[in-house]
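Engineer: Here's my sequence, what's the structure:
(chains A and B)
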Amino acid sequence: MIGIAILAATLSAAPEVSANPQRVLLGSTPEVAIEVRASNPAALRARASTGTLSPKELVGTEGARYTWKPPGARFPHFALLVFWVERGSNPPDLAVLRIPLVGRTDLEVNTEPRADVRVEVGDHTFGPRRADGRGHAVIPVEVPPGIAQAKVLSDVGGASKTVQVALDPPPFNHLAAVVGPDPLPRSGGWAWLVAAEKVDAADVKREASGGEVTPWPAPPTTYPDRVLFQVRPTGESLSVSATLRAGGPDDVATFSIDAEEPSIARPRALERPLLQPGIFVGGTYAGGANLSLAASVALDVSFPPLGTAFATGLALEGYTMGLHRTVSLGNVDSWILALSPLAVVRYQLFELGAVAFHLRGGAGPLFFVHQFHTDFSSSWLQTGVSAQAFAGMEVTYRVGPLDMLMEVRASMGQVRTAQVDANIGGLVFGLGGRVIK
Amino acid sequence: MKRAAALAALAACGLMGCGTQVPPRPRVLSIDPNTMTSSSFADVIISVDAVLPFTVDYGAGKAAVDPLILLSVDPIPVGGGTFEPNGRLSARIPSKLTEGAHDVTVTLVGAEGDSRTGVLAGGFIVTPGTWPSGGFAIAPIADPQRVDVYFTLTITAQGANASSFNGTLDYVIPGVTPKPVTTGPFTNGVYQESLSIHSPTMGQKLQVTAYDLLGRLATSNSFSVNP
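Structural biologist: Numbers count the residues shown, from 1 in each chain, chains lettered A, B, ... in the order given. Down below sits the predicted model:
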């Protein structure tokens, strides 16, 4: 393949990029083949400031192939194609491919009749064409980006004349920006602003929404045509968008990236009541053999004025405990199963980042069944009803839409009949989770 | 299965309400053999289904079961007084029942006032017996006896059918036995038992009086017990 290799000189991790052709004549060149060599092609990312870049096509274990199609515009400008290998929150080294997009136009020249006319555009000369009897000639020229004038040379009868002609190409955007990693961590990521020519960090004007864009405090390396920024979502925003401006009014680069969901997303206010299902498993201890396993399912609801700081709801809690002893006649086993539908309330005291502290209490009836089983006589089931009430502290840790929770509570839950005296309350400890979304 | 039953009970408790319950009455399932003649005795197995009185205190980590159980065939107490594993209780029925059907009763004795009773109505049948025609006689007892020194009590059936009598009698020693003592079964009309008296009679005389179901008495000679 004929092409050029563009190396990011000092950055070993930058991909190695080659393009064919390396110059595009707008309206004539249908596409450019691009080959990229990278240590980890699967993590290779690419962006084009204009035109259309095909999806990545992996080639072997160290390469990838793209096809880039020029834009429909016919005026001369640059296409900035940027390639990088994503590596977490650390800013990657870029490979930047600047493809000049050359415009073609017919330059009308009025000069001496029958003069031979040539036009110099940059390093290229077009013509000669002979002017007609009225001194009119049309010279097709190709104008690369950055050339604002052409030199018209007329030669008739050995006399030469040179005239500077303004080409007046429309202004174009010299900037492109890339951002990562995707999605953007709550702790922040990076953004590179890449220019077709030089760009000074001090000249870059930034507008951001959903986050903040600040100069990278100590860039790992500097380039005259690039500026590195930090990008960080703020508040509970789920995306960050930014506009970067430098140079002329048309030099604008924008980016937008989704951010990871914030670890703390407990709404302070609600538009409508919010249901919050949760589960809880743990144990209770009230001295002696009063040791039980506990499980709970709950459905809390928060109301608009207080957000999720306050919730009330229903919980169905289950407990089981047992006792095995040997008496003179043989072995005896006692087993208690209790179910308790509870009305519960929860109030959030304060937050510390992802952690929140709540007070939680509840009360309700306690239905129990006690099974007494021996290996020497008949077994017996007895049922009863009692009451349970509890109050305690709950600590939650926010992970996406889930509040992981740890609860410690003091509980009263006596199971007492003529035959059995037990307490499924006492000190209760449990772990669980609650969905708040 | 038992866990399923517990869950079902809990569901029923939640739906219909529930409260403190008492364990079920004990049941006398069977008595084997279930018949004897009035002049004989029977060693029987009484099968009982019972939830024994129990307490479980989780706070103290203790479980207790009260094994006391009283058996009777109509008014006659039988058995050893404690529950046996699997509910198969051994008992000896003496010759103290009249002809006819008799109820077999089991009574639990719990420390917390649990005294549930179960009855197998008419579960034991007594048929006519053959009693010695001449009643009974007690062989002479040497006088005096000494405290805590064993002597032999011999009771002998008298008259026709005497040698085939294998039943039991009751006897009393006034001032010594607070209630009648049932003898063991006679062997071919004769019963012998070693006795000792634990306190001196202090000049008074003792007599052994035996009697059968028919109310016939046999009285020994008088004897004293010296220190």
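
Engineer: Taking the centroid of chain A, which residue is nearest it?
Structural biologist: The centroid of chain A falls nearest to residue A:183 when counting by CA atoms, centre = their mean (1.8 Å).

Engineer: Likewise for chain B?
Structural biologist: In chain B, the C-alpha nearest the mean C-alpha coordinate belongs to residue B:78, at 2.2 Å (CA atoms, centre = their mean).

Engineer: Okay, and the beta partners of the closest residue to that one other than its chain neighbours?
Structural biologist: Closest residue in space to residue B:78, ignoring its immediate chain neighbours: residue B:91 at 3.9 Å, by CB to CB, 6 or more residues apart in numbering or on different chains. Where C-beta positions appear, they are placed from N, C-alpha and C, glycine not excepted. Residues in a beta bridge with residue B:91, per DSSP bridges, are residue B:44.

Engineer: Distance check, residue B:91 against chain A.
Structural biologist: 18 Å (CB to the nearest CB, to the nearest Å).

Engineer: okay, now residue A:423: neighbour count?
Structural biologist: 22 (other CB atoms under 10 Å in any protein chain shown).

Engineer: circling back to that earlier point, how near is the residue nearest to the centre of chain A to residue A:310?
Structural biologist: Separation of residue A:183 from residue A:310 (CB to CB, to the nearest Å): 32 Å.

Engineer: who's in contact with residue A:314?
Structural biologist: Listed by CB atoms under 8 Å, 6 or more residues apart in numbering or on different chains, the contact partners of residue A:314 are A:298, A:299, A:341, A:342, A:343, A:344.

Engineer: Look up the residues forming beta bridges with the fifth one.
Structural biologist: With DSSP bridges applied, the residues forming beta bridges to residue A:343 are residue A:314, residue A:363.

Engineer: for the residue nearest to residue B:84 when sequence neighbours are not counted, what are its contacts?
Structural biologist: The shortest distance from residue B:84 to any non-neighbouring residue, by CB to CB, 6+ apart, is to residue B:90 (7.2 Å). Neighbouring residues of residue B:90 by CB under 8 Å, 6+ apart: B:43, B:44, B:45, B:46, B:79, B:80, B:84.

Engineer: And residue B:134, by the same measure?
Structural biologist: B:157, B:158, B:159, B:160, B:162.

Engineer: Enumerate the residues of the stretch 301-437 of chain A near chain B.
Structural biologist: Contact residues, the stretch 301-437 of chain A versus chain B (CB under 8 Å from any CB of the partner chain): A:321, A:323, A:325, A:327-330, A:332, A:334-335, A:337-339, A:367-385, A:417-423.

Engineer: Only the buried subset of the residues you listed, as a PyMOL command please.
Structural biologist: Entered in PyMOL, the line below selects the buried ones among these, by 16 or more other CB atoms under 10 Å in any protein chain shown:
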select buried, chain A and resi 321+323+327+329+332+334+335+337+338+339+367+368+369+370+371+372+373+374+376+377+378+380+381+382+383+384+385+417+418+419+420+421+422+423
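
Engineer: Among the contacts of residue A:314, which one is most surrounded by other residues?
Structural biologist: Among the contacts of residue A:314, the one with the most neighbours (other CB under 10 Å) is residue A:298, at 22 neighbours.

Engineer: Mind checking what secondary structure that one has?
Structural biologist: Under DSSP: H, G, I helix; E, B strand; the rest coil, residue A:298 falls in the strand class.

Engineer: how near is it to chain B?
Structural biologist: 18 Å.

Engineer: Okay, and the beta partners of residue A:277?
Structural biologist: Taking DSSP bridges as the rule, residue A:277 bridges to residue A:299.

Engineer: got the contact list for it?
Structural biologist: By CB under 8 Å, 6+ apart, residue A:277 lies in contact with A:297, A:298, A:299, A:300, A:434, A:435.

Engineer: so what are the domain limits for chain B?
Structural biologist: According to automatic domain parsing, chain B comprises the domains B:20-127, B:136-226.

Engineer: Which of the contacts of residue B:90 ranks first by neighbour count?
Structural biologist: In terms of neighbours by other CB under 10 Å, the contacts of residue B:90 top out with residue B:46 at 28 neighbours.

Engineer: how close does that residue get to residue A:171?
Structural biologist: Distance, residue B:46 to residue A:171, using CB to CB: 113 Å.

Engineer: in the chain, what spans have low per-residue confidence?
Structural biologist: Since no chain was named, I'll use chain A. Across chain A, residues meeting the criterion (pLDDT under 70) sit at A:1-13, A:262-269.

Engineer: um, chain B though
Structural biologist: Using pLDDT under 70, chain B drops low at B:1-20.

Engineer: can you pull out the helices in it?
Structural biologist: Using DSSP state H, the helices assigned to chain B run over residues B:2-16.

Engineer: Tell me where the longest strand sits in it.
Structural biologist: Secondary structure of chain B per DSSP state E: the longest strand is strand B:117-127.

Engineer: which strands and helices sit next to the host helix or strand of residue A:243?
Structural biologist: Using DSSP states H and E, residue A:243 maps to strand A:239-245. Packing partners of strand A:239-245 (3 or more CB pairs under 8 Å, 6 or more residues apart in numbering or on different chains; DSSP states H and E): strand A:175-180, strand A:189-195, strand A:205-209, strand A:211-215, strand A:226-233, strand A:252-258.
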